[in-house]
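Q: Return a 3D structure for these sequence lines:
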Amino acid sequence: MNDDARFMALALALGRRGQGNVWPNPAVGCVIVADGRIVGRGWTAPGGRPHAETRALAQAGAAARGATAYVSLEPCAHHGQTPPCAVALADAGVARVVVPVADPDPRVAGRGLEMLRGAGITVETGCLEDAARADLSGFLMRVAEGRPRVTLKLATSFDGRIATASGDSQWITGARARRQVHALRACHDAVMVGGGTARADDPSLTVRGLGIAAQPVRVVISRRLDLPRDSKLARSAAAPAVWLCHGPDVAADRVDAWQALGARTVPCALSGGQVDPASVLAELGALGLTSVFCEGGGTLAAALLGAGLVDELVGFTAGLALGAEGRPAIGALGLTALDEAGRFRLAETRAVGGDVMHRWLRA
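A: Here you go, the predicted structure:
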């Protein structure tokens, strides 16, 4: 790995620190190098401000003059809450900027690179582009398709069951796997479940046990908004945020009651009598979310898979079998031929405690 790739890999690693708590902004990292020595590092701060470049330049100070800046996404070119990062880099006297990928946001879209070149700065692109696109996939998808990236998590027995026939499910996987799930929640903007799961399990949907203060948005899809108002979600609806995606014809008193508890209600279109998952994701994208971690249940999992809206599968498989009478992880998909099923490619597999974690990306 040459020096450019090595420093860009560090910028990408720094950017990942912001995943899950900088939306709607991208999670960007920046490393400033002078004479082979790192003089400034930064990543997008919680809430999206300050930007990575601003933080790295503040750390570098006068040492930024004549240095190379490695930024994991094209520096912004528009005036928002802060001046453009492209201007800040030029004003600091940076001589060279290396970026892996251009920012497709219409407010930037190459203009940041043009501003840098116009200031006499050498600009190089494409360094570790594939890795950067993977890290920024949620942001890039929201810009390109108007929806957040979706990860579907399934914790199952060896034979693909999430509970016994009686509903007993705690716990199929072990403590280390459950801790890993909390870490995955933490790096997504939102955690999402269906109304059936919210009613049956009374989940908190928070990140616990990791010493993390920032929490993902908690999203529940409920056609009729018929969720118990004495649940854990109801009792804590104001913070962390609870967003309830429901049908367009829900009774006004239910909407008012949940809003009074502090929840945000999000009306969505219907498809086949149920909340349309594509409408849900479009609404969530419009509200700024770039990544969603879906934890079921089976009906919601089937709806997302059937609509081709799952970008990554994360499975935790335990070494026990519950049999055909156990509850399946995924509801009916209505497939009649094998080639109708969407294919995913294996990205990773590893042991987590006594369980196996496997990650699959949409082919």
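Q: and stretch 61-70, how far from the chain's centre?
A: From the chain centre to the centre of stretch 61-70 is a distance of 31 Å (C-alpha atoms, centre = their mean, to the nearest Å).
Q: no no, stretch 148-168
A: Relative to where its chain is centred, stretch 148-168 has its mean C-alpha point 20 Å off (C-alpha atoms, centre = their mean).
Q: Mean confidence (pLDDT) on that stretch, please.
A: When the per-residue pLDDT values of stretch 148-168 are averaged, the result is 93.
Q: okay, now the spatially closest residue to Leu346 that is not a sequence neighbour: neighbour count?
A: The shortest distance from Leu346 to any non-neighbouring residue, by C-beta to C-beta, 6 or more residues apart in numbering, is to Trp360 (5.7 Å). Placement of C-beta: from N, CA and C, glycine included. Other residues within reach of Trp360 by the criterion other C-beta atoms under 10 Å amount to 18.
Q: In terms of helix, strand or coil, where does Trp360 fall?
A: State at Trp360, reduced to three classes by DSSP: H, G, I helix; E, B strand; the rest coil: strand.
Q: Give the full set of residues in contact with the residue nearest to the spatial centre of the chain.
A: Compute the mean C-alpha point of the chain, and by C-alpha atoms, centre = their mean the closest residue is Ser291, 2.5 Å away. For Ser291, the contacting residues are Gln19, Gly20, Trp23, Gly138, Pro148, Arg149, Val150, Thr151, Cys187, His188, Asp189, Ala190, taking C-beta atoms under 8 Å, 6 or more residues apart in numbering as the criterion.
Q: my guess is the fifth one contacts Pro216, does it?
A: No. With contacts counted by C-beta atoms under 8 Å, Pro148 stays clear of Pro216, the gap being 11.4 Å.
Q: For these two, list the residues in contact with both.
A: Both Pro148 and Pro216 are in contact with Asp189, Ala190, where contact means C-beta under 8 Å, 6+ apart.
Q: More neighbours: those two, which one.
A: Neighbour count, other C-beta under 10 Å: between Pro148 and Pro216, Pro148 has more, with 29 against 26.
Q: wait, doesn't Glu129 sit right on Ala102?
A: No. Because the distance of 9.8 Å does not satisfy C-beta under 8 Å, Glu129 is recorded as not touching Ala102.
Q: And for the lengthiest helix in the chain, what's in contact with it?
A: Of all the segments of type helix in the chain, defined by DSSP state H, the longest one is helix 3-16. Here helix 3-16 makes contact (C-beta under 8 Å, 6+ apart) with 1, 26-31, 33, 36, 38, 41-44, 52, 68, 70-73, 98, 100, 124, 127-128, 131-132, 135-136, 187.
Q: and after that helix, which helix or strand comes next?
A: Sequence-wise, the next helix or strand downstream of helix 3-16 (DSSP states H and E) is strand 29-34.
Q: Report the distance from that following strand to the chain centre.
A: Centroid separation between strand 29-34 and its chain, computed with C-alpha atoms, centre = their mean, is 25 Å.
Q: neighbouring strands for it, and are they parallel or not?
A: Taking DSSP bridges as the criterion, strand 29-34 pairs within the sheet with strand 37-43 (antiparallel), strand 68-71 (antiparallel).
Q: ok so, going back, closest to Leu57 out of the contacts of Ser291?
A: Using C-beta to C-beta, Gln19 comes nearest to Leu57 of the contacts of Ser291, at 22.1 Å.
Q: any idea of the pLDDT on that closest one?
A: With respect to pLDDT, Gln19 has a value of 97.
Q: do you know how far it is from Glu124?
A: With distances taken as C-beta to C-beta, to the nearest Å, Gln19 is found 25 Å from Glu124.
Q: Could you check which of the two has the larger neighbour count?
A: Using other C-beta under 10 Å as the criterion, Gln19 and Glu124 rank with Gln19 on top: 22 against 14.
Q: what residues are up against that one?
A: Ala27, Asp135, Cys187, His188, Ser291.
Q: about what we covered before: highest average neighbour count across the strands paired with strand 29-34?
A: strand 68-71 (a mean of 28; mean count of other C-beta atoms under 10 Å).
Q: Pull out the CA atoms of that one and give them to me as PDB.
A: Once side chains and other backbone atoms are set aside, the C-alpha atoms of strand 68-71 remain, and they are given as PDB (Å, rounded to 0.1, in the frame of the first residue of the first chain):
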ATOM      1  CA  THR A  68      -1.700  17.300   1.500                       C
ATOM      2  CA  ALA A  69      -5.300  16.800   2.700                       C
ATOM      3  CA  TYR A  70      -6.800  13.300   2.300                       C
ATOM      4  CA  VAL A  71     -10.600  13.700   2.500                       C
END
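Q: sorry, back to before: output the longest helix of the chain as PDB, nothing but the C-alphas.
A: The C-alpha trace of helix 3-16 is given here as PDB (Å, rounded to 0.1, in the frame of the first residue of the first chain):
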ATOM      1  CA  ASP A   3       1.400   6.500   1.100                       C
ATOM      2  CA  ASP A   4      -1.700   7.900  -0.600                       C
ATOM      3  CA  ALA A   5      -3.600   4.700   0.000                       C
ATOM      4  CA  ARG A   6      -2.400   4.400   3.600                       C
ATOM      5  CA  PHE A   7      -3.400   8.000   4.500                       C
ATOM      6  CA  MET A   8      -6.700   7.600   2.700                       C
ATOM      7  CA  ALA A   9      -7.400   4.400   4.600                       C
ATOM      8  CA  LEU A  10      -6.900   6.400   7.800                       C
ATOM      9  CA  ALA A  11      -9.300   9.100   6.600                       C
ATOM     10  CA  LEU A  12     -11.900   6.400   5.800                       C
ATOM     11  CA  ALA A  13     -11.500   4.900   9.300                       C
ATOM     12  CA  LEU A  14     -11.900   8.300  10.900                       C
ATOM     13  CA  GLY A  15     -15.000   8.900   8.800                       C
ATOM     14  CA  ARG A  16     -16.600   5.600  10.100                       C
END
